[in-house]
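>>> model the following, please.
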Amino acid sequence: MLYLPNVTKFVNFGQLTIKIINWPIRNVLVRPLLTAVAITFAALLTLSFVPQAFANDMNVILIPQKNIAEGHFIAFYNLELKYPAGSPIAQELEGKNERVQFKVTGDANSTNGVPSAMIAFNNAFIENKSPVHVTKIDVAYTATIKGDAENALISYKIETKPILENFVISAGSEGNLAGDIVDLELRSISVTDPITLESPEFGMFEINKPINMLKVTHPELAAKIENSEARAMFEEPILNFESFNLPMERWHFLFDPTGSLVESSAFFREESGAKVTSIYSLGESSFREGTFEAEEKDMKGTIDGTEVLFHSQVPAPSGQIQIAGFSKIQTSEAGEYAIVTAEAPEGAQAATGGFPIQVLLVLGGMMGAIAVFILFKARK
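Residues are numbered from 1 along each chain as shown. Below is the predicted model of the structure:
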């Protein structure tokens, strides 16, 4: 290949002299290309491990050895209202930028409403035929209203962190190859009971139905919505995780023989003595799993004689179940469960698709090495 040599020219404009350098084509074209490729590799590597933003999230770490788990359930619910400019509802919501936000934590003895959250979750587990029981829970609630002349957006986020027990259906004895039998029906609960918590601004406040935030911030509007055709949309339970009820065979599986993928979890480090981890993930779109999409509904209602268009949206699911030990999924009439052993049996598949763990580690190392090499060449 023929490259142009470096050529330096000086062009005089009166008292001004400009120095012009013709860089080789190799430097002009190859360096940006290498940098772009390196950035692409880095982005792909990073995105492989980053969960979806604003997804309904369910993350559970199960420690069968101690029959204790840490859950992380995050629910989002968005409502959009479209109305004519100048209408009564427009006059009430235009220019609004309001937020209700608070957090509570506690157990069955707390007086801030936490026991109602524990009861609601426990009833949801019972309804889903799961033996799991909540012993304590943290709840963070955020709701916002943003309005302009022709539309308004009302958004809800409820983040819960329960400590769970009794998910081990049957414990295997020491040396028993059958292992522990672990419940997996806990993943797809729908919390329908009211959860009334103490908020600094509004006192005791029910958080699980969208209409209740409007009752304390815009009571007259809330009453009008309850008398409209859109009432059902504002009474849907926010803490609904039924979208995670896909068969476990559709979840990505990865067996981590080092436990390094969850070593950042303080709960896992403190509670588990296991050296290995089974990880099931849901939410990545692929040819095998298909595409996970948000759940959306549309409805019309009349407020003060004005037709209002209502649109609700629940984000697509994104979840992960991490189990201390090697697990194998089984199905019965009662639901799905996992048989968990301390070590992987010989010949066990290490990941979805049957890739041995050595192959996955080698491929990961190769991708990392390629990215580092390209970055190095780009900076030379």
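>>> show me the shaky parts of the stretch 1-150 of the chain.
1-54 (pLDDT under 70).
>>> let me see the ranges of the helices in it.
With DSSP state H, counting those that start in this stretch as the criterion, the stretch 1-150 of the chain has helices at 25, 31-47, 88-93, 114-127.
>>> show me what counts as buried in the last one.
Buried residues in helix 114-127, counting neighbours by 16 or more other Cβ atoms under 10 Å, are found at 114, 115, 116, 117, 118, 120, 121, 122, 124, 125. The C-beta positions use only the backbone N, C-alpha and C, and glycine is treated the same way.
>>> same deal with stretch 57-66?
Going by 16+ other Cβ under 10 Å, stretch 57-66 has these buried residues: 57, 58, 59, 60, 61, 62, 63, 64, 65.
>>> what does stretch 91-102 give?
With the criterion 16+ other Cβ under 10 Å, stretch 91-102 contains buried residues 92, 93, 94, 100, 102.
>>> again with stretch 239-249
Neighbour counts using 16+ other Cβ under 10 Å place 239, 240, 241, 243, 244, 246, 248 of stretch 239-249 among the buried residues.
>>> same thing with stretch 324-340?
Buried positions in stretch 324-340, judged by neighbour count with 16+ other Cβ under 10 Å: 324, 325, 326, 327, 328, 329, 335, 336, 337, 338, 339, 340.
>>> mind putting those residues in CSV, secondary structure included?
Formatted as CSV, the entries for those read as follows, by DSSP: H, G, I helix; E, B strand; the rest coil:
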residue, secondary structure
324, strand
325, coil
326, strand
327, strand
328, strand
329, strand
335, strand
336, strand
337, strand
338, strand
339, strand
340, strand
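>>> tell me the one of those nearest residue 252?
Proximity to residue 252 was ranked across those by Cβ to Cβ; first place goes to residue 329, at 12.4 Å.
>>> what does the pLDDT read for the closest one?
Per-residue pLDDT puts residue 329 at 94.
>>> so who does the nearest residue to it once chain neighbours are set aside touch?
For residue 329, ignoring the flanking residues on the chain, the nearest one in space by Cβ to Cβ, 6 or more residues apart in numbering is residue 248 at 4.6 Å. Remark: with contacts taken as Cβ atoms under 8 Å, 6 or more residues apart in numbering, residue 248 is in contact with 184, 280, 329, 336.
>>> widest-spaced pair of the buried residues of stretch 91-102?
94 and 102 (26.4 Å).
>>> which among the buried residues of stretch 91-102 gets closest to residue 314?
The shortest distance between residue 314 and any of the buried residues of stretch 91-102, using Cβ to Cβ, involves residue 100 and amounts to 19.6 Å.
>>> the closest one and residue 207 touch, don't they?
No. Residue 100 is beyond contact range of residue 207, at 9.3 Å (criterion: Cβ atoms under 8 Å).
>>> what touches both of those two?
Any residue near both residue 100 and residue 207 by Cβ under 8 Å, 6+ apart counts here, and that gives 141, 213.
>>> start and end of stretch 213-230, how far apart?
Taking Cα to Cα, to the nearest Å as the measure, stretch 213-230 stretches 16 Å from start to finish.
>>> quick one: mean pLDDT over that stretch.
Predicted confidence along stretch 213-230 averages 96 (mean pLDDT).
>>> give me the contacts around it.
Outside stretch 213-230, the residues within contact range by Cβ under 8 Å, 6+ apart are 89, 92-93, 98, 100, 143, 145, 154, 156, 202, 205, 207, 211, 231, 234, 299-304, 308, 310.
>>> buried stuff in it?
Buried residues in stretch 213-230, defined by neighbour count with 16+ other Cβ under 10 Å: 213, 214, 215, 216, 217, 218, 221, 222, 224, 225, 228, 230.
>>> now swap in stretch 190-202 and tell me
191, 193, 195, 196, 197, 199.
>>> which among these gets closest to residue 150?
Within the set of those, residue 199 lies nearest residue 150; the separation is 30.7 Å, counting by Cβ to Cβ.
>>> what's opposite the closest one in the beta bridge?
Using DSSP bridges, the bridge partners assigned to residue 199 are residue 203.
>>> just confirm it contacts residue 100, I think it does.
Yes. In this structure, residue 199 is within contact of residue 100 by Cβ under 8 Å, at 7.2 Å.
>>> roughly how far does residue 243 sit from residue 58?
Residue 243 is 9 Å from residue 58, where distance means Cβ to Cβ, to the nearest Å.
>>> same question, residue 187
The value you get for residue 187 to residue 58, if Cβ to Cβ is used, is 6 Å.
>>> and if you look at residue 254?
In this structure, residue 254 and residue 58 are 17 Å apart, going by Cβ to Cβ.
>>> next one: residue 340
Taking Cβ to Cβ as the criterion, residue 340 is separated from residue 58 by 19 Å.
>>> cool, residue 108 as well?
23 Å.
>>> residue 81 too?
As judged by Cβ to Cβ, residue 81 and residue 58 stand 29 Å apart.
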